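Undergrad: Got a predicted structure plus its sequence, pasted below:
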There are 2 protein chains.
Amino acid sequence: MTETRPTSLVVDIHTHVYPPSYIALLKSRSSIPYIRSFPPSSSLRLVILPAEDTESTSRGRPVGPEYYDITRKIAFMDTHSIDISVISLANPWLDWVPAGEAAKVAENINNEINEECGKFPGRLFAFATLPLSGGKNVILKEIERLKGLIYIRGIILGTTGLGKGLDDPELLPIFQALQDEKLPVFLHPHYGLPSSVWGERANDYGHVLPLALGFPLETTIAVTRMILSGVFEKVSGLQMILAHSGGTLPFLAGRIESCIVHDAHLMTEGKLTKDRKTIWEILKNNIYLDAVVYSEIGLKAAIQASGEDRIMFGTDHPFFPPLEGETEKWASVETNYEAIQGALGSHNDKASGALGENAVRVLHLTI
Amino acid sequence: MTETRPTSLVVDIHTHVYPPSYIALLKSRSSIPYIRSFPPSSSLRLVILPAEDTESTSRGRPVGPEYYDITRKIAFMDTHSIDISVISLANPWLDWVPAGEAAKVAENINNEINEECGKFPGRLFAFATLPLSGGKNVILKEIERLKGLIYIRGIILGTTGLGKGLDDPELLPIFQALQDEKLPVFLHPHYGLPSSVWGERANDYGHVLPLALGFPLETTIAVTRMILSGVFEKVSGLQMILAHSGGTLPFLAGRIESCIVHDAHLMTEGKLTKDRKTIWEILKNNIYLDAVVYSEIGLKAAIQASGEDRIMFGTDHPFFPPLEGETEKWASVETNYEAIQGALGSHNDKASGALGENAVRVLHLTI
């Protein structure tokens, strides 16, 4: 697959870390999310999804140094021709931490991640994490404090918000603060869908259903609820980067817009703001999409939906490693490189934008 | 929008009816699915989704003659330049009928629908409905009986199967019988997703979330479970037509395939059949997609996923009528015409295939 090696700058905006203090926190726990060994094996495994927390040889996933050792991130980047990574805490984020500890946990994690970026200046930037369970004032204080962390370029956010989802009006001051501080929100799923939807044979299918369908749907539902509640009219400069090319948003945007304009309840009872933006306007003005969609078909839809200047390469490292041990190049990464090449060609401005220049421009990746 | 009027043959494969015996059955009930009036209004309303069954001025939807009077279907077809419709029972299908009544209810409905086609020979064909709650033998008997109904060209199926979803091994003899009788399965959603995923503000959003997101996801989950359980290897000639351009399948196919080949549990424990077809092979060999996706972006993804010779125009009539009373042309229909024109052009073989010739060829729409 050597032909997929790009010659332009490559930026990975979807790449996760578990910094040391978060690993320690997860090791101290015995229910999701947690890290422990399952005898007879002594190796540590991370369990973050209910679907993973079942008696099985594949309970959770192995935790190796690629999860917490930043030099492994750099080695992965070198192997895959990635110049810059914008690292973010891996899921789950801090909605589950006891309220009184939220501020300190977030502060530790954000400081640690910022320091790790500083070890490789110019090659690493980061999305910070918000102390969600601490409540509005604690969150706003942390957003203010992030000004002092020089490698932070946005925040990663799950779909729960303050516990009621991202269409919660209580979140508006937080979205406003993020807009004012020019911190884009990297929206990422974690909870998926209720396990009842997978049926009684789901355990036969490994993690495929929650990962392949639950994750993208969680993102789609979260952002559609934001759209319907008028977040993008009320905080009109809010910038969202959606994981996994928007979940399914590029494909479903037409159906969502059609359902809105055909809904008697919405259109005749003034439930929508008078200055309503269409979903197409929001996609072109408030939304960026990563290119983590594993097919040319999906990526083309993403490019058409939000524009070729709003697509950003990503890997989802350290997840989806090769099953067969020490393959040098990861198939999951190559698939996303090939999708960009197939959708945009190579050695041209459009491909360069998606591979890295869009991220450099939008996230100001210079030091 | 006169430029969207096609000159080639147009076939609508996604168009629903409630024949008289089903209307009568729904009127006899007082819980979902049911038809009744809600005083002070005396007009009848149909309530089929839990999300619709709430105290509100938009409870359910008005039931007019377009739901049951076949001459209204023909008038709609004439207005929208549709030459042939392949009508199917509207949701829900017969998974909820008491077991002992299933055979008779299905027989009545299929006979009535076949007779209605006979009133307009050459313009109407139909998908039949299976007596799902009657169990395997009753279903197989009805499939056999369908040979005597000359306008039947396939069957419409929801996602529940015999109660355990479409990955239930008990369904394999039924899929085998449908393959042997060359009856394609038109897979259509009804149940959506558990209401908990829409959040506490969902009532503010009309029916948008369950219709725009729940329906497509239900379809995607159902067919992905079929794929993972090996249905398309075990009944290799089974032909499925997926509603709403596959829900989200064209967009998520890459992620699904990637999650399968990266799942240690699936790939190392022999959970998949040895002759596993990739999702791309299944899309090109077992799956047809309707063109009811309301955007050029979605339709292009559908075309690339299954092939331009496997896409079929549809309207979803009588649902999604114009809100503003007597508009002659329905915006929901025009949007899907425009998507075909945008994705495939007009006045050429590719557009003609999607507009009607694919359906004529696949469903043998000649008398």
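TA: Cool, the structure landed.
Undergrad: which bits of the stretch 101-250 of chain A sit near chain B?
TA: The interface of the stretch 101-250 of chain A toward chain B, taken as CB under 8 Å from any CB of the partner chain, is made up of A:164-165, A:167-168, A:193-194, A:196-201, A:204-209, A:211-213, A:216-217, A:220-221, A:224-225, A:228-229, A:244-245, A:248, A:250. Every C-beta, even on glycine, is put in place using the N, C-alpha and C of the backbone.
Undergrad: Show me the strands in chain A, by range?
TA: A:11-17, A:34-37, A:44-47, A:61-62, A:84-89, A:124-129, A:152-157, A:185-187, A:240-242, A:287-290, A:311-312 (DSSP state E).
Undergrad: Report all helices and strands that the longest one contacts.
TA: Pointing back at strand A:11-17 there. The elements that strand A:11-17 packs onto, with contact taken as 3 or more CB pairs under 8 Å, 6 or more residues apart in numbering or on different chains; DSSP states H and E, are helix A:70-79, strand A:84-89, strand A:311-312, helix A:358-363.
Undergrad: Please work out which of the ones you listed is packed deepest.
TA: When you average the neighbours per residue for each of those (mean count of other CB atoms under 10 Å in any protein chain shown), strand A:311-312 leads with a mean of 27.
Undergrad: Can that one be said to contact chain B?
TA: No. Using CB under 8 Å from any CB, no contact is recorded between strand A:311-312 and chain B, whose separation bottoms out at 13.6 Å.
Undergrad: packing partners for that strand?
TA: Under the contact definition 3+ CB pairs under 8 Å, 6+ apart, strand A:311-312 sits against strand A:11-17, strand A:287-290, helix A:296-306, helix A:358-363.
Undergrad: contacts for the longest one?
TA: In this case it means helix A:296-306. Residues outside helix A:296-306 that contact it (CB atoms under 8 Å, 6 or more residues apart in numbering or on different chains) are A:245-246, A:249-251, A:253, A:280, A:283-284, A:287-289, A:291, A:293, A:311, A:338-340, A:342-344, A:354, B:250-255, B:296-298, B:300-301, B:304-305.
Undergrad: quick check: angle from that helix to helix B:296-306?
TA: Between the axes of helix A:296-306 and helix B:296-306, defined by axes from the mean of the first three to the mean of the last three CA atoms, to 10 degrees, the angle is 180 degrees.
Undergrad: Spatially nearest residue to residue A:295 (excluding sequence neighbours)?
TA: Distances taken as CB to CB, 6 or more residues apart in numbering or on different chains put residue B:254 closest to residue A:295, at 2.6 Å, once the chain neighbours are dropped.
Undergrad: Could you do residue A:118 as well?
TA: Distance criterion CB to CB, 6+ apart; nearest residue to residue A:118, sequence neighbours excluded, is residue A:151 at 6.6 Å.
Undergrad: Am I right that that neighbour is in contact with residue A:126?
TA: Yes. Between residue A:151 and residue A:126 there is a contact at 5.3 Å, judged by CB atoms under 8 Å.
Undergrad: Identify the contacts common to the two.
TA: Common neighbours of residue A:151 and residue A:126 (criterion: CB under 8 Å, 6+ apart): A:113, A:114, A:117.
Undergrad: Looking at these, spot the one nearest chain B.
TA: residue A:113 (26.0 Å; CB to the nearest CB).
Undergrad: separation between that closest one and residue A:235?
TA: Here the distance between residue A:113 and residue A:235 works out to 25 Å (CB to CB, to the nearest Å).
Undergrad: Find the residue at the geometric middle of chain A.
TA: Against the mean C-alpha coordinate of chain A, by CA atoms, centre = their mean, the closest residue is residue A:188 at 3.4 Å.
Undergrad: Show me the helices in the stretch 51-200 of chain A, by range?
TA: With DSSP state H, counting those that start in this stretch, the ranges of helices along the stretch 51-200 of chain A come out as A:70-79, A:99-119, A:136-145, A:172-180.
Undergrad: Also the stretch 201-350 of chain A?
TA: Under the criterion DSSP H, counting those that start in this stretch, the stretch 201-350 of chain A contains helices at A:208, A:215-229, A:231-234, A:249-261, A:264-268, A:279-285, A:296-306, A:331-344, A:349-352.
Undergrad: so how far is stretch A:107-127 from its chain's centroid?
TA: Its chain's average C-alpha position is 17 Å from that of stretch A:107-127, according to CA atoms, centre = their mean, to the nearest Å.
Undergrad: Mean confidence (pLDDT) on that stretch, please.
TA: Averaging the model's pLDDT scores along stretch A:107-127 yields 97.
Undergrad: repeat for stretch A:342-351
TA: Along stretch A:342-351, the predicted local confidence has a mean pLDDT of 91.
Undergrad: Quick check: closest non-adjacent residue to the residue in chain A sticking out farthest from the centre.
TA: Relative to the average C-alpha location in chain A, and by CA atoms, centre = their mean, no residue lies farther out than residue A:268, which sits at 35.9 Å. Here the nearest residue to residue A:268 in space, its sequence neighbours aside, is residue B:323; by CB to CB, 6+ apart that works out to 7.1 Å.
Undergrad: do residue A:290 as well
TA: Taking CB to CB, 6+ apart, and ignoring the residues beside it in sequence, residue A:290 has residue A:314 as its nearest neighbour in space, at 4.1 Å.
Undergrad: can I assume the one you found is in contact with residue A:333?
TA: No. The pair residue A:314 and residue A:333 does not pass the contact test of CB under 8 Å, sitting 9.4 Å apart.
Undergrad: Could you check how far residue A:299 is from residue B:297?
TA: 12 Å.
Undergrad: Looking at those two, which is more packed in?
TA: The neighbour count for residue A:299 versus residue B:297, taken as other CB atoms under 10 Å in any protein chain shown, is higher for residue A:299 (29 against 26).
Undergrad: re the thing from before, more neighbours: which of residue A:151 and residue A:126?
TA: When neighbours are counted by other CB under 10 Å, residue A:151 and residue A:126 differ, and residue A:126 comes out ahead with 25 against 21.
Undergrad: beta partners for that one?
TA: When assigned by DSSP bridges, residue A:126 has beta-bridge partners residue A:87, residue A:152.
Undergrad: check contacts around it.
TA: Applying CB under 8 Å, 6+ apart to residue A:126 gives the contacts A:86, A:87, A:88, A:113, A:114, A:116, A:117, A:151, A:152, A:153.
Undergrad: what about the residue lying closest to residue A:293 once chain neighbours are set aside, how many neighbours?
TA: Counting by CB to CB, 6+ apart, residue A:245 is the residue found nearest to residue A:293 once chain neighbours are left out, at 3.9 Å. Around residue A:245 there are 34 other residues, counting by other CB under 10 Å.
Undergrad: Residue A:332 now?
TA: The number of residues packed around residue A:332, counting by other CB under 10 Å, is 20.
Undergrad: and it, what does it touch?
TA: A:294, A:315, A:316, A:319, A:320, A:321, B:258, B:262.
Undergrad: ok, now residue A:25?
TA: Residues in contact with residue A:25, defined by CB under 8 Å, 6+ apart, are residue A:105.
Undergrad: State the distance from it to chain B.
TA: 26 Å (CB to the nearest CB, to the nearest Å).
Undergrad: got it, and residue A:366?
TA: With the distance defined as CB to the nearest CB, residue A:366 ends up 32 Å from chain B.
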